[in-house]
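> Just the structure for this:
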Amino acid sequence: MATRIAGLCAAALIPFLLAVSSVPARAEDPGRQALENGIVKVKSAYPVDETIKRIKQDVSSKGIMFFLAVDQSKLASDAGIKLRPSTLLIFGNPALGSQFMTSNPIAGIDWPVRLLVVEDEKGEVWAVYNDFAYIAGRHGITDRDTAFQKASEVIASITSSVAK
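Alright, predicted model coming up:
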C-alpha cells in the first residue's frame, strides 16, 4: 500500500514540478512569483527543513489546524525514484475553508490548503501554493470575496515567515 501511495505521489508531482518550472512568472516582489496557472511561489530564505519548521510554527501560532506533512521525496525514494527535497503541508481553518464548499461543493478538491516546500535544481527553496483568487475563479465562486481575501492574507502572512 505504501509503495502504491509513493508511486501515485511521485507520478502526480512530476507534472506539477514541470509546470512550476516552465510557466513564465509575473512578479512584483522578486521573492514572490505569481504564475499564470494560479500557482504562487515564495522564495525561502531557509533550507527545506527550517522552512517546514517555520511554516508549521506560524500555522500553529495562528490557531490554524495542521493536518499532515507528506515527505514526497521520501515516498519517491521508497519507490526507487530520486526526487529533490519536496514536502507537502496540509492545513486549514474549517470555519473559513468550509465556506467555499457551501458555495460549490466541488471546491473541496482545493481544501484544506496545500502548501508545497520544494528545492529546485539550483538549490533554492520555495513555498508554493494555489492562489485563492484563482481557486475562486476555477470553481465559479463569486459570493465569498471577503473569505477569499482573508484566506489570501493568511497564506501571505504564513509564507512571509520564510520569505527571502
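> show me where pLDDT drops low in the protein?
Scanning the chain for pLDDT under 70 picks out 1-35.
> mind checking how far the one residue sitting closest to the centre of it is from K82?
The centre of the chain sits closest to L115, judged by Cα atoms, centre = their mean, with a distance of 2.0 Å. Using Cβ to Cβ, to the nearest Å, L115 is found at 23 Å from K82. Just so you know, the C-beta spots here come from the backbone N, C-alpha and C atoms, and that holds for glycine as well.
> Spell out the residue ranges of the strands in the protein.
25-26, 32-35, 39-43, 65-71, 86-92, 113-119, 125-130 (DSSP state E).
> could you dump those strands to a markdown table with distance to S103?
A markdown table is the format used below for these (distance: least, Cβ to Cβ, whole Å):
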| stretch | distance to S103 |
| --- | --- |
| strand 25-26 | 27 |
| strand 32-35 | 23 |
| strand 39-43 | 22 |
| strand 65-71 | 21 |
| strand 86-92 | 16 |
| strand 113-119 | 17 |
| strand 125-130 | 16 |
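> Identify whichever of those strands lies nearest to A163.
strand 39-43 (5.4 Å; Cβ to Cβ).
> Name the stretch from the strands of the chain that approaches E50 most closely.
So among the strands of the chain, strand 125-130 is nearest, using Cβ to Cβ, at 8.7 Å.
> the inter-axis angle of that closest one versus strand 39-43?
Per axes from the mean of the first three to the mean of the last three Cα atoms, to 10 degrees, the angle that strand 125-130 makes with strand 39-43 is 160 degrees.
> contact partners of strand 125-130?
20, 38-44, 46-48, 51, 55, 85, 110, 113-120, 155, 159, 162 (Cβ atoms under 8 Å, 6 or more residues apart in numbering).
> again, only using 6 Å
Strand 125-130 is contacted from outside by 38, 40-44, 48, 51, 115-119, 155, 159, 162, using Cβ atoms under 6 Å, 6 or more residues apart in numbering.
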